[in-house]
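Asks: Would you be able to build a 3D model of this:
(one chain, ligands or ions: 1)
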Amino acid sequence: VDLSTTIAGVKLPNLLLNASGVNCRFENELQQLVESKSGSLITKSATLNSREGNPEPRYAPLAGSIGSINSMGLPNQGYEYYLNYAKNFDYNNTAGKPLFISLAGLSLAENKTMCEAFRDANLPCVLEVNFSCPNVPGKPQVGYDMEAMEQALQVLDPIIGRPFGIKLPPYFDIAHFDQAAAIFNKFDNVVFVTCINSVGNGLAIDLDSETALIKPKDGFGGLGGLLVLPTALANVNAFYRRLKPGKQVIGCGGVTSGKEVFLHILAGASAVEIGTQLMEEGTGVFERVQKELVELMTAKGYKSVEEFRGKVKTL
Ligand SMILES: CC(C)(C)CCc1c(C(=O)O)[nH]c(=O)[nH]c1=O
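Replies: Residues are numbered from 1 along each chain as shown. Predicted structure coming up:
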């Protein structure tokens, strides 16, 4: 069974990787991913300067293993740490794993500086710009501001100057799928979108203590895990149907087993990320999920993901 795939011109030995933000802030965590059965790895979204992030508790699993909530606040080592990691990365590593770099500038100027630095370094890593990053205070995140998103791409696309991707928040209105896809179709270097980032501003409350689970933002935080699966599949399929040929979708959201990876591929995903389940289970999740996916594909008679990618049937 062939689980390999190619994204932005780089070959992933298998289509599984971590969701940016989980197990990928520090070099030792990234090394664990290199040594795991993932097909590639992505770094924690970087800002210009290093950040400690929000006060803890800032992540919590939800009761009944239905998902997670987080308001990490972009804790990261600053973009130069990840640039240096990318410079020293062994691109010919035994597993042949490519490296993805996530950037989340707190302003367009920050994103410009970081993209220029990566361009000048001319490394084989693939950039993913996190559009869930905040915009002007009081305005919605860039991903929810179509004008700001297009303007950001008009500035960043020529600077990045080669194939890159965008991490997107979930959309819930068909008109937003149409508007966002129309924007991405204008930029030839935008070769993939990663759907979805966490479902924004949920509130998880503990019944016994009558208290929010996490400290930042009065307990408001992004939702992940199984509970976001249908929203993730919809976003993957909406962009799969709307993006020009040659552009791909990386699926993220709700993956706990081989079953959900299969569904993401059926919806149109070319690669699939694991966040909450990786946080809860550790990097062994990649071997388990890969085995389950192979068993499922074999039971269904599929030898490669191409045979069923995007082939979700409708009634
Ligand atoms: C939410 C932001 C802090 C603006 C960006 C970083 C981020 C975070 C985070 O660092 O809180 N958590 C997520 O689930 N997704 C993200 O993209």
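
Asks: who in the chain is up against the ligand?
Replies: Taking Cβ under 6 Å from any ligand atom as the measure of proximity, the chain contacts the ligand at 21, 45, 70-74, 104, 130, 132-134, 197-198, 222. C-beta coordinates here come from the backbone N, C-alpha and C atoms, glycine included.

Asks: who's in contact with Glu128?
Replies: 20, 42, 100-103, 164-167, 192, 194 (Cβ atoms under 8 Å, 6 or more residues apart in numbering).

Asks: where do the strands sit along the stretch 1-150 of the chain?
Replies: Here the stretch 1-150 of the chain has its strands, by DSSP state E, counting those that start in this stretch, at 5-7, 10-12, 16-18, 41-42, 59-61, 68-70, 99-103, 126-130.

Asks: Sheet partners, orientation included, of the first one?
Replies: Partner strands for strand 5-7, per DSSP bridges, with pairing direction: strand 10-12 (antiparallel).

Asks: quick one: Thr283 and Asn23 touch, right?
Replies: Yes: with contact defined as Cβ atoms under 8 Å, Thr283 reaches Asn23; the gap is 6.6 Å.

Asks: More neighbours: which of these two?
Replies: Asn23 (23 against 20; other Cβ atoms under 10 Å).

Asks: out of everything not next to it in sequence, what's closest to the more buried one?
Replies: Glu29 (4.8 Å; Cβ to Cβ, 6 or more residues apart in numbering).

Asks: With Phe184 instead?
Replies: Closest to Phe184 by Cβ to Cβ, 6+ apart is Val190, at 4.9 Å.

Asks: and the contacts of Glu128 as JSON lines, adding pLDDT, distance to Gln154 and neighbour count?
Replies: Converted to JSON lines, the contacts of Glu128 look like this (pLDDT from 0 to 100; distance: Cβ to Cβ, whole Å; neighbours: other Cβ atoms under 10 Å):
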{"residue": "Ser20", "pLDDT": "98", "distance to Gln154": "24", "neighbour count": "25"}
{"residue": "Ile42", "pLDDT": "98", "distance to Gln154": "25", "neighbour count": "28"}
{"residue": "Phe100", "pLDDT": "98", "distance to Gln154": "23", "neighbour count": "30"}
{"residue": "Ile101", "pLDDT": "98", "distance to Gln154": "21", "neighbour count": "25"}
{"residue": "Ser102", "pLDDT": "98", "distance to Gln154": "21", "neighbour count": "23"}
{"residue": "Leu103", "pLDDT": "98", "distance to Gln154": "17", "neighbour count": "28"}
{"residue": "Phe164", "pLDDT": "98", "distance to Gln154": "14", "neighbour count": "23"}
{"residue": "Gly165", "pLDDT": "98", "distance to Gln154": "17", "neighbour count": "26"}
{"residue": "Ile166", "pLDDT": "98", "distance to Gln154": "13", "neighbour count": "27"}
{"residue": "Lys167", "pLDDT": "98", "distance to Gln154": "18", "neighbour count": "29"}
{"residue": "Phe192", "pLDDT": "99", "distance to Gln154": "19", "neighbour count": "24"}
{"residue": "Thr194", "pLDDT": "99", "distance to Gln154": "21", "neighbour count": "32"}
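
Asks: Report the two of those separated the most.
Replies: Checked with Cβ to Cβ, these reach their widest spread between Leu103 and Phe192, with 14.6 Å between them.

Asks: so what secondary structure elements neighbour the helix or strand that Gln154 is a member of?
Replies: Assigned by DSSP states H and E, Gln154 belongs to helix 146-160. Contact here means 3 or more Cβ pairs under 8 Å, 6 or more residues apart in numbering; DSSP states H and E; on that basis helix 146-160 packs against helix 108-121, strand 126-130, helix 174-184.

Asks: now the end-to-end length of stretch 233-251.
Replies: 8 Å (Cα to Cα, to the nearest Å).

Asks: for Arg309, helix, strand, or coil?
Replies: coil (DSSP: H, G, I helix; E, B strand; the rest coil).

Asks: An error on my part: the question was meant for Leu223.
Replies: strand.

Asks: That one reaches Ser68, doesn't it?
Replies: Yes: Leu223 lies in contact with Ser68 (Cβ under 8 Å); the separation is 7.2 Å.

Asks: Neighbour count for the two, which is higher?
Replies: Per other Cβ under 10 Å, whichever of Leu223 and Ser68 has more neighbours is Ser68, with 28 against 23.

Asks: thinking again about what came up before, what about the residue nearest to Asn23, how many neighbours?
Replies: The burial count for Glu29: 16, using other Cβ under 10 Å.
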